[in-house]
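# My questions concern the predicted model and sequence given below.
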Amino acid sequence: MKIALVAQHATPLSCDGTSQADDDTRLRELSQNLARKGHQVTVYTGKRDAARRDRPRLHPGVRVECIAVGGRRVKGAEPDLLAGVPAFSGPLRELWSAERPDVVHALRWTSGLAALTAARELRIPVVQSFDSLGIAERRHGLIPSDAGTERIRLEPAIGRSATAVLAGSSDEQSDLTRLGVPRRSIKVVPCGVDTEAFTPEGPAAKRGDRPRLVTVTGLQEHERDAMFTLLRALSKVPGAELVVAGGPDRADLSADPTYRELASTAALLDMSGRVLFAGRLGRDALPPLLRSADLFVSMSEYEPSGMLCVEAMACGTPVIASAVGGHVDAVVDGTTGVLVPPGRPALLAQRIRQLLAHPMLLEAFSMAAADRARSRYSWDRIAHETTAVYDSALDAALAA
């Protein structure tokens, strides 16, 4: 099958062939695993330098087409991405007229706009992934009430126009149906996990005798409440330590206002020696840190994918997570970890104490967590499920 993956926003590989940051891990892993199954995959992404026309390869069987869209890249900024859609969709149409793919898979909403525009006259089926919906982000305060209007207006139309829509969780599926996307065209296919990198086997980060909790956060403003909940809970778990990974590089943490606020809160709660801020970690450093933990904790109040929990589970680390979004799908409550309502520090502390007091239960959770991550979230399975949606989209297009 000839598959076109459209990711206007992405930088899976720079157009000089240099690997980029791991923001686009999902795109790289999906394309690689589709190619391993014998499909011909082309990734179409935007570039700012119109003079270059490179065609680098991510993996054997995966080609990258970098399309010049002009303007200045402001990652994730709605006006910048939306303004580049016409410049992106025109070349897509020309390329697909010359070399027609069997199916198009658009990642995120602006890619969906471009893909639907380019594929319409060519009658190529389009599969859409949003990753995160604007209405959900606004509901949780990630988008101000006076911003994101174009995205929130257009996402329902994109979903209804696509041949099929991939939802990352059952929570996203519910939002899509409320937006008027036919349930029959929605398939829940979560993000995968690299089960070769994230595995119980392998080195673990150094630790002392204290029970260790690990959390990962970008130290962004919308994550503050979740971190305050976690710090208040830790104050009621005597002797345990918390390693906070993420945010700026460790050397730059002192300049980060969220870090300063959290560090001040830890000090007020008399926990300065028990809360360790590790700063930004390289991708290779995350599995050893997760293996070193007794528990991985995520109190996010909005979590579209739950992938950090799945990565911890893949390392054999039980999870305590907020019962929201992708967490509800990923964590089997009472089997691979525990789900708690967000914003409940006393209850969270109680659950942490209960698990730390029962090592055999933690061990059972550990084995079940690793098994679930391997069996449900391996990229091989995710690629298989995604291909099944492509096949259904092709059948629907032929029947239309």
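Thanks, I have the structure now. Residues are numbered from 1 along each chain as shown.
# Apart from its chain neighbours, what residue comes closest to residue 383?
Nearest residue to residue 383, sequence neighbours excluded (CB to CB, 6 or more residues apart in numbering): residue 33, at 3.7 Å. Quick note: C-beta positions are derived from backbone N, CA and C, even for glycine.
# what do you get for residue 260?
Residue nearest to residue 260 in three dimensions, not counting chain neighbours: residue 254, with 7.2 Å by CB to CB, 6+ apart.
# Hmm, residue 248 and that neighbour touching each other?
No. Using CB atoms under 8 Å, residue 254 is not in contact with residue 248; the gap is 9.2 Å.
# More neighbours: which of those two?
Neighbours per residue, other CB atoms under 10 Å: of residue 254 and residue 248, the larger number sits with residue 248, 17 against 11.
# Give the burial count for the nearest residue to the more buried one once chain neighbours are set aside, as a bare number.
Using CB to CB, 6+ apart and skipping the chain neighbours, the partner closest in space to residue 248 is residue 256 (5.3 Å). Using other CB under 10 Å, residue 256 has 16 neighbouring residues.
# so what's residue 256 up against?
Counting by CB atoms under 8 Å, 6 or more residues apart in numbering, residue 256 touches 219, 247, 248.
# mind listing what the last one touches?
Remark: with contacts taken as CB under 8 Å, 6+ apart, residue 248 is in contact with 219, 255, 256, 259, 279, 280.
# Tell me which helix or strand the residue nearest to residue 220 when sequence neighbours are not counted sits in.
Among residues not flanking residue 220 along the chain, residue 258 sits closest, at 7.0 Å (CB to CB, 6+ apart). When elements are assigned from DSSP states H and E, residue 258 belongs to helix 257-268.
# Show me what secondary structure element comes after that helix.
Beyond helix 257-268 on the C-terminal side, the first helix or strand identified by DSSP H and E is strand 275-279.
# And the pLDDT at the residue positioned nearest the centre of the chain?
Ranked by distance to the mean C-alpha position of the chain (CA atoms, centre = their mean), the top residue is residue 305 at 5.3 Å. For residue 305, the pLDDT comes out at 89.
# Next, it: secondary structure please.
Secondary structure, DSSP: H, G, I helix; E, B strand; the rest coil: residue 305 is coil.
# And the helices in the stretch 251-400 of the chain?
If DSSP state H, counting those that start in this stretch is used as the criterion, the helices of the stretch 251-400 of the chain fall at 257-268, 286-291, 307-314, 325-330, 345-356, 359-377, 379-399.
# same for the second one, what does it pack against?
With contacts taken as 3 or more CB pairs under 8 Å, 6 or more residues apart in numbering; DSSP states H and E, helix 286-291 sits against strand 212-216, strand 241-245, helix 307-314.
# packing partners for the longest one?
Helices and strands touching helix 307-314, as assessed by 3+ CB pairs under 8 Å, 6+ apart, comprise helix 286-291, strand 295-298, strand 319-322, helix 325-330, helix 359-377.
# which one of the ones you listed lies closest to residue 63?
helix 359-377 (26.8 Å; CB to CB).
# which strands and helices sit next to the closest one?
On a contact count with 3+ CB pairs under 8 Å, 6+ apart, helix 359-377 meets helix 307-314, helix 345-356.
# Now for the residue nearest to residue 383: which residues touch it?
192, 379, 380, 382, 383.
# sec struct for it, please.
helix.
# so how far is residue 160 from residue 373?
Counting by CB to CB, to the nearest Å, the gap from residue 373 to residue 160 is 34 Å.
# So these two - more neighbours on which side?
When neighbours are counted by other CB under 10 Å, residue 373 comes out ahead of the other of residue 373 and residue 160, with 27 against 15.
# Give me the pLDDT for the more buried one.
pLDDT for residue 373: 98.
# contacting residues around residue 136?
171, 172, 175, 302, 304, 325.
# mind redoing it with 6 Å?
For residue 136, the contact set (CB atoms under 6 Å, 6 or more residues apart in numbering) comprises residue 175.
# just how off-centre is the helix or strand harbouring residue 3 within its chain?
In the assignment (DSSP H and E), residue 3 maps to strand 2-7. Averaging C-alpha positions (CA atoms, centre = their mean, to the nearest Å) puts strand 2-7 19 Å from its chain's average.
# Does that strand pack against any helices or strands, and if so which?
In terms of contacts (3 or more CB pairs under 6 Å, 6 or more residues apart in numbering; DSSP states H and E), strand 2-7 is packed against helix 25-36, strand 40-47, strand 103-107, helix 109-119.
# That one pairs with which strands, and in what direction?
With DSSP bridges as the test, strand 2-7 is paired with strand 40-47 (parallel), strand 103-107 (parallel).
# outside of the last one, which residues touch it?
Strand 103-107 has contacts (CB under 6 Å, 6+ apart) with 3-7, 112, 115, 119, 124-129, 390, 393-394.
# Go through it and flag the buried ones.
Buried residues in strand 103-107, counting neighbours by 16 or more other CB atoms under 10 Å, are found at 103, 104, 105, 106, 107.
# If the last one is in a bridge, with which residues?
Counting by DSSP bridges, residue 107 forms beta bridges with residue 129.
# Make 223 the starting number, not 1.
That works, and once the first residue is 223, the last one we named lands at residue 329.
# End to end on stretch 507-524, go ahead and measure it.
Distance between the boundary residues of stretch 507-524 (CA to CA, to the nearest Å) amounts to 25 Å.
# List the contacts of it.
With contacts defined as CB under 6 Å, 6+ apart, stretch 507-524 is touched by 362, 419-420, 425-427, 429, 433-437, 448, 451-452, 530-531, 534, 537, 539-544, 564.
# Quick one: buried ones out of the residues you listed?
362, 420, 427, 429, 433-437, 448, 451-452, 530-531, 534, 537, 539-544, 564.
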